[in-house]
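Colleague: the sequence and its predicted three-dimensional model are supplied below.
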Amino acid sequence: MTVRPLVAGNWKMNGTKESYEEFAKIAAGYDAALAEKIDMLVCPPAVLLAQFAEVENLPVGAQNCHAAASGAHTGDISAEMVANVGGKYVIVGHSERREGYGETDADVAAKAEAAWRAGLVAIVCIGESLEQREAGETIAVVTEQITKSLPDATTSANTVVAYEPIWAIGTGKTPTADDVAEVHAALRKSLVERFGEDGEKIRLLYGGSVKPTNASELLALPNVNGALVGGASLKAADFLGIAEAYK
Ligand code: PEP
């Protein structure tokens, strides 16, 4: 089954309105040849979404959303607000949200449903800690996370899953190719068992210290349908260098 890859950038809490210049460079590099092969996406800080969404050829998304559509939730943004300014995706359940804000699998599933309600694609993140990996619990942990974080109405059109080992995020460390392949195979099995044939088509991204130098190896692995990229998505040359792995 061929699944169209997605290379997504998560800018985290980085960037100003002047970063539009870098974003525009990414959009320019996402040329017809690349667009024929892969989807690309940048998730900037929410305050930049409306400005960046003006660029038509490169979709944008948010890094988080509240489960409610509106209301008394000081400091939060809803999926509807993201859609209203032109966002197409929203990342939910990033480990920095799970760890920093105590988000549970149930919270993540509610946010995924909120994303769909607003017409957005949810990028649902899962991944094990270093302690869990060292204890040999990785497959059990990510299988439980994917089961509990994905609502029953998940489809290949409304959801992308990102496997991001917490210990690989922003550290320069990555699992071995065999380890990534093993986790992605287990995730695929779980998706197919639950969602049938459509589970074959749900995009499974790898995230955690992806760079131009390791992208070719990681993105060629079975059941790896793209990447979620943090630090290396901030510079057009690096982010496009990762996407080049598909050229
Ligand atoms: C991320 O935060 O989603 C991520 C993968 O970060 P980095 O690429 O910097 O490890």
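Modeller: Received, thanks. Numbers count the residues shown, from 1 in each chain.

Colleague: next structured bit after the lengthiest helix in the chain?
Modeller: For the chain, the longest helix by residue count, based on DSSP state H, is helix 177-195. Per DSSP states H and E, helix 177-195 leads on to strand 203-207 as the next helix or strand towards the C-terminus.

Colleague: what does that following strand contact?
Modeller: Contacting residues not belonging to strand 203-207 are listed as 3-6, 8, 10, 123, 125, 127, 156, 160-164, 168-169, 180, 184, 187-188, 191, 218-219, 221, 223-230 [C-beta atoms under 8 Å, 6 or more residues apart in numbering]. The C-beta positions use only the backbone N, C-alpha and C, and glycine is treated the same way.

Colleague: quick one, what contacts whichever residue of the chain sits closest to the ligand?
Modeller: The nearest approach of the chain to the ligand comes at residue 230, 2.1 Å away (C-beta to the nearest ligand atom). When contacts are counted by C-beta under 8 Å, 6+ apart, residue 230 touches 9-10, 12, 169-170, 207.

Colleague: can you list those in TSV and add pLDDT?
Modeller: Output for the contacts of residue 230, formatted as TSV (pLDDT from 0 to 100):
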residue	pLDDT
9	98
10	98
12	98
169	98
170	97
207	98
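
Colleague: picking that back up, got a quick PyMOL command for the buried subset of the contacts of strand 203-207?
Modeller: Selection of buried members from the contacts of strand 203-207 for PyMOL, criterion 16 or more other C-beta atoms under 10 Å:
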select buried, resi 5+6+8+10+123+125+127+156+160+161+162+163+164+168+169+180+184+187+188+191+218+219+221+223+224+225+226+227+228+229+230
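
Colleague: isn't there a strand covering residue 123?
Modeller: Yes: per DSSP: H, G, I helix; E, B strand; the rest coil, residue 123 lies within a strand segment.

Colleague: so it sits against residue 108, correct?
Modeller: No: proximity of residue 123 to residue 108 does not meet the contact threshold set by C-beta atoms under 8 Å, at 10.7 Å.

Colleague: what touches both of those two?
Modeller: residue 92.

Colleague: re the thing from before, in helices only, show me the contacts of strand 203-207.
Modeller: 180, 184, 187-188, 191, 218-219.

Colleague: okay, these in TSV with distance to residue 68 and pLDDT next?
Modeller: Converted to TSV, these look like this (distance: C-beta to C-beta, whole Å; pLDDT from 0 to 100):
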residue	distance to residue 68	pLDDT
180	35	98
184	33	98
187	29	98
188	33	98
191	28	98
218	36	98
219	36	98
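
Colleague: what's near enough to touch residue 201?
Modeller: 1, 3, 156.

Colleague: ok, and the closest non-adjacent residue to the first one?
Modeller: In this case it means residue 1. In space, and not counting its chain neighbours, residue 1 is closest to residue 200: 4.7 Å by C-beta to C-beta, 6 or more residues apart in numbering.

Colleague: give me every residue that touches the one you found.
Modeller: 1, 3, 188, 191-192.

Colleague: how much space separates the residue lying farthest from the centre of the chain from residue 66?
Modeller: The C-alpha centroid of the chain is most remote from residue 72, which lies 27.7 Å away (C-alpha atoms, centre = their mean). Distance, residue 72 to residue 66, by C-beta to C-beta, to the nearest Å: 11 Å.
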